[in-house]
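Q: How does the following fold in three dimensions:
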Amino acid sequence: MTTTTTQPLLEAEHLTKRYEDGVLALDNVSFTVSPGQIYAMLGGNGAGKSTAINLFLNFIEPTDGEARIDGIASHRDPLAAKARVAYVSEQVRLYPSFTAIQNVDFFARLAGKTSYTREDYRQALLRVGLQPEAHDKRLKGFSKGMQQKTGIAIAILKDAPAILLDEPTSGLDPKAGREFVRLLQDLRDEGKAILMSTHDLFRAKEVADMVGIMNQGRLVMQRTRDELHGEDLEALYVRYMAGYMEG
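A: This next block holds a predicted model:
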């Protein structure tokens, strides 16, 4: 675990989202992610994980509270906030008629990164585990896992201080999952602040410095890696979820 006293790069402060139909998707949630830290947010479908990420990205606006990226409230200055974060969604939306190289080139330039070479793109794709023979193939023939790797390469090339990942191991086979964990550890060592939503309890315990459990829009548990040492995270998850439902 990387210890740091630096100002958090990602901050949720009393973050709340109630939709017009009355559904409370996020209920007074607060947490921080500092440089050199990985925060894993666990929870079932509809727990509020993706809502929290969408609020950081200003895809939706908060009903109350703030989501801040490097001190910038995302709903007040969304362009400045988004410039400080890279994002990979569960369903990576890239151009299927472009090759992997063409996709990373397009999105890198879109992020204002114009000095990269073709070799830089290849190295980024290799780093995320995309085999060399796939670099010049169109994405329409890619598996979900291969598209996910391409999206992660784009996030790396943006070189933002914060990274948001929504179900990043979805579609990855066990070997690719292990490679992804090593990549996350490398990015943490480079000082990135990483927030990921996931169903993968095993990977969460393996790589996260902080684990939070979401249920019905609330953060019902938050523990550090040290506090989870020796714990059965799956049993803990079930116990907290059951306890919350009973409460």
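Q: so when I look at residue 102, I'm seeing a helix, right?
A: Yes: going by DSSP: H, G, I helix; E, B strand; the rest coil, the assignment for residue 102 places it inside a helix.
Q: Quick check: end-to-end length of stretch 71-80?
A: Stretch 71-80 has an end-to-end distance of 10 Å (criterion: C-alpha to C-alpha, to the nearest Å).
Q: cool, stretch 130-139 as well?
A: 12 Å.
Q: Show me which parts of that stretch are buried, residue by residue.
A: Residues of stretch 130-139 classed as buried: 130, 134, 135, 139 (neighbour count, 16 or more other C-beta atoms under 10 Å). Every C-beta, even on glycine, is put in place using the N, C-alpha and C of the backbone.
Q: For the first one, which residues are in contact?
A: Applying C-beta atoms under 8 Å, 6 or more residues apart in numbering to residue 130 gives the contacts 100, 146, 149, 150, 153.
Q: Quick check: it vs residue 229, distance?
A: 34 Å (C-beta to C-beta, to the nearest Å).
Q: where along this protein do the strands fall?
A: For the chain, the strands defined by DSSP state E cover 10-18, 24-33, 37-42, 64-69, 72-73, 85-88, 162-166, 193-198, 210-215, 218-224.
Q: Take the contacts of residue 130 and keep only those in helices.
A: Among these, the members found in helices (DSSP state H) are 100, 146, 149, 150, 153.
Q: Thought residue 152 was touching the first one, still the case?
A: This points to residue 100. No: contact criterion C-beta atoms under 8 Å: residue 100 and residue 152 do not qualify, at 11.6 Å.
Q: what about residue 181, how many residues close to it?
A: For residue 181, the neighbour count with other C-beta atoms under 10 Å is 17.
Q: pretty sure it is in contact with residue 203, am I right?
A: Yes: applying C-beta under 8 Å as the test, residue 181 and residue 203 come out as touching, 6.1 Å apart.
Q: before we move on, back to that, may I see the buried residues of stretch 130-139 organised as a markdown table, with distance to residue 93 and pLDDT added?
A: Converted to a markdown table, the buried residues of stretch 130-139 look like this (distance: C-beta to C-beta, whole Å; pLDDT from 0 to 100):
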| residue | distance to residue 93 | pLDDT |
| --- | --- | --- |
| 130 | 17 | 93 |
| 134 | 18 | 97 |
| 135 | 20 | 98 |
| 139 | 10 | 94 |
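Q: right, and out of the residues you listed, which lies closest to residue 22?
A: Nearest to residue 22 among those, counting by C-beta to C-beta, is residue 139 at 39.8 Å.
Q: tell me the contacts of that closest one?
A: 94, 95, 96, 97, 98, 99, 100, 103, 146, 147, 150.
Q: In TSV: the contacts of residue 130, plus pLDDT, distance to residue 17 and neighbour count.
A: Shown next, in TSV, are the contacts of residue 130 (pLDDT from 0 to 100; distance: C-beta to C-beta, whole Å; neighbours: other C-beta atoms under 10 Å):
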residue	pLDDT	distance to residue 17	neighbour count
100	97	35	26
146	90	33	23
149	90	31	29
150	94	30	28
153	94	31	28
